[in-house]
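**Student:** Would you be able to build a 3D model of this:
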Amino acid sequence: MTLQDFFAENPACAVAFSGGVDSAALLSAAVTYGRKAAAYFVRTVFQPEFELKDALETAERLGTELRILDFDILSVPEVAANPADRCYYCKRALFSRILAAAEADGFPVVLDGCNASDDEAGRPGMRALRELGVRSPLRECGMAKTAVRRLAREAGLPVWDKPSYDCLATRVPVGTAITARDLERVSRGEDALVALGLADFRLRLRGENALLQVRAEQMPLAQTLLPELQAGLAADFHSIFLDGIPRPPREN
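**Tutor:** So this is what the prediction gives:
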């Protein structure tokens, strides 16, 4: 099956839109091949502001309305408690809101941007999508990440080479309750890191300290900037430690 085939069979679709390359490529295909499409962004404390900005810009470029649904994700006890399968409860709560909004707007099908490179074994959220009846056309059509980026590039989407981004909840160790204060600390810290020139990093909480993980190629810059970062974020973190992270695996 191709994406064109999928949208011929499902011409009216609601796309869960995060602002990343997968959902951007999917929305582009829905607009190109479908009859009617709309994008839905669920705004929570787990997304930094740049994700919404990217989503708005992409939707505008594609001539599609972005419908923003505000939701207090920390009101879901199973999410706030941060168990190992937190993503299952999070996805189930978020997509339940999208499904309700899409149904009210007359859309019979809700789509998400999972692709064929995504490993279901490490993604409990995919089980929630399956239970809710959410479709994943990129995955169903066998499109791996490289093909998705190519599709986004050919569509002229600026996010085609945007690095994958994990939500802010992943910065809190599993089993440690997630609080708005901790998410705000992480968000301020990551904003400061971007302003200092770092990219594709993670700032992970370790109690009142933080672990900054960067790619090997940016380690010298991070070491140079660490004293400035420590001083600027002293109100949020007692200490910040550095750790290198390996390059991501080659995309299939």
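
**Student:** surely Leu138 meets Ala24?
**Tutor:** No: at 11.1 Å, Leu138 does not count as touching Ala24 under the criterion of C-beta atoms under 8 Å. Where you see a C-beta, it was placed from the backbone N, CA and C, and this is true even at glycine.

**Student:** who's more crowded, these two?
**Tutor:** For Leu138 versus Ala24, neighbours defined as other C-beta atoms under 10 Å are more numerous around Ala24 (31 against 28).

**Student:** Distance of that one relative to Asp243?
**Tutor:** 31 Å (C-beta to C-beta, to the nearest Å).

**Student:** got it, and Ala104?
**Tutor:** Remark: distance between Ala104 and Asp243 (C-beta to C-beta) = 46 Å.

**Student:** Who has more neighbours out of those two?
**Tutor:** Taking other C-beta under 10 Å, Ala104 and Asp243 do not tie; Asp243 has more neighbours (12 against 8).

**Student:** so how far is Tyr33 from Glu48?
**Tutor:** If you look again at residue 48, you'll see it is Pro, not Glu. Here the distance between Pro48 and Tyr33 works out to 31 Å (C-beta to C-beta).

**Student:** ditto for Gln213
**Tutor:** The separation that Gln213 has from Tyr33, given C-beta to C-beta, amounts to 39 Å.

**Student:** what sits up against stretch 47-54?
**Tutor:** Contacts to stretch 47-54, defined as C-beta atoms under 8 Å, 6 or more residues apart in numbering, come from residues 18-20, 41, 43, 68, 159, 162, 165, 167-168, 187, 190-191.

**Student:** Please name whichever of the residues you listed scores lowest on pLDDT.
**Tutor:** Lowest pLDDT among those: Tyr165, with 82.

**Student:** and that residue, how many residues sit next to it?
**Tutor:** Burial measure for Tyr165: 18 neighbouring residues, criterion other C-beta under 10 Å.

**Student:** part of a helix, is Arg67?
**Tutor:** No: looking at Arg67 with DSSP: H, G, I helix; E, B strand; the rest coil, it is strand, so not inside a helix.

**Student:** residue contacts, it?
**Tutor:** Contacts of Arg67 (C-beta under 8 Å, 6+ apart): Ala38, Ala39, Tyr40, Phe41, Ala101, Asp105.

**Student:** more crowded one of Gln213 and Tyr33?
**Tutor:** Regarding Gln213 and Tyr33, a neighbour count based on other C-beta under 10 Å identifies Tyr33 as having more, with 19 against 15.

**Student:** now the nearest residue in space to the more buried one that is not next to it in sequence: how far from Leu233?
**Tutor:** On the basis of C-beta to C-beta, 6 or more residues apart in numbering, the spatially nearest residue to Tyr33 that is not a chain neighbour turns out to be Phe7, at 3.7 Å. Distance, Phe7 to Leu233, using C-beta to C-beta: 46 Å.

**Student:** and what of Ala116?
**Tutor:** In this structure, Ala116 and Leu233 are 39 Å apart, going by C-beta to C-beta.

**Student:** These two: which is more packed in?
**Tutor:** Leu233 (19 against 16).

**Student:** And the closest residue to Pro137 other than its chain neighbours, what's its pLDDT?
**Tutor:** The shortest distance from Pro137 to any non-neighbouring residue, by C-beta to C-beta, 6+ apart, is to Phe6 (4.7 Å). For Phe6, the pLDDT comes out at 97.

**Student:** close enough to count as contact, Phe6 and Cys141?
**Tutor:** Yes: the pair Phe6 and Cys141 passes the contact test of C-beta under 8 Å, sitting 6.3 Å apart.
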